[in-house]
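Asker: The following comprises the amino acid sequence and a computationally predicted model.
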Amino acid sequence: NAHKVGCIIVGAYALAYHGAPRYTGDMDILVRPDLENAQRILRALDEFGFGSLGLTVEDFTAPDKVIQIGVTPIRVDIVTSLTGVSWEEAQAGRVKGPYGDLEVYYLGKEQFILNKRAIGRKKDLADLEAIGEE
């Protein structure tokens with residue numbers, strides 16, 4: 001938050017926000033894939049002690065990238081795109097909510113549903129059922 005990184009919490013944490021918590025081994029964070037935001041991400045990671053990972057601006061601007069930091073159960077997956085939902089759609093539908101003492105953005109329910117339907121794995125369909133969508 002201090003670096004004003006454009007990001008949205010997606011995946012199981014967003015599912016929990018929408019009322020259906022389940023176990024997950026990581027937190028998935030969608031980031032805005034542009035140069036300015038990538039520079040902010042790198043500064044934030046450096047501040048948290050991850051500057052030596054050798055990450056570059058391209059890691060956060062190229063489509064379909066997943067950067068994994070840490071290990072389960074406290075791993076963070078930083079993703080640059082979502083299946084079935086553009087950054088613009090995700091940002092337009094995002095919802096503000098709590099994460100501990102912080103105010104963060106979660107993927108909106110409509111975009112969550114679109115993403116899960118587009119992926120279509122068994123666990124994604126189970127997530128949809130858990131929030132009352134079939």
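Answerer: Structure's in. What do you need? Numbers count the residues shown, from 1 in each chain.
Asker: Give me the mean pLDDT for the helix or strand containing I113.
Answerer: Using DSSP states H and E, I113 sits in helix 109-119. Across helix 109-119, pLDDT averages out at 98.
Asker: which other helices and strands contact whichever helix or strand comes after that helix?
Answerer: Next helix or strand after helix 109-119 toward the C-terminus (DSSP H and E): helix 122-130. Under the contact criterion of 3 or more Cβ pairs under 8 Å, 6 or more residues apart in numbering; DSSP states H and E, helix 122-130 touches helix 11-17, helix 109-119. C-beta: built from backbone N, CA, C; applies to glycine.
Asker: Quick one: those helices as a markdown table, columns for distance to E134 and mean neighbour count too.
Answerer: Converted to a markdown table, the helices and strands packed on helix 122-130 look like this (distance: least, Cβ to Cβ, whole Å; neighbours: other Cβ atoms under 10 Å):
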| stretch | distance to E134 | mean neighbour count |
| --- | --- | --- |
| helix 11-17 | 15 | 21 |
| helix 109-119 | 10 | 19 |
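Asker: In TSV: those, plus distance to G100.
Answerer: Shown next, in TSV, are the helices and strands packed on helix 122-130 (distance: least, Cβ to Cβ, whole Å):
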stretch	distance to G100
helix 11-17	12
helix 109-119	21
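Asker: Sweet, I'm off.
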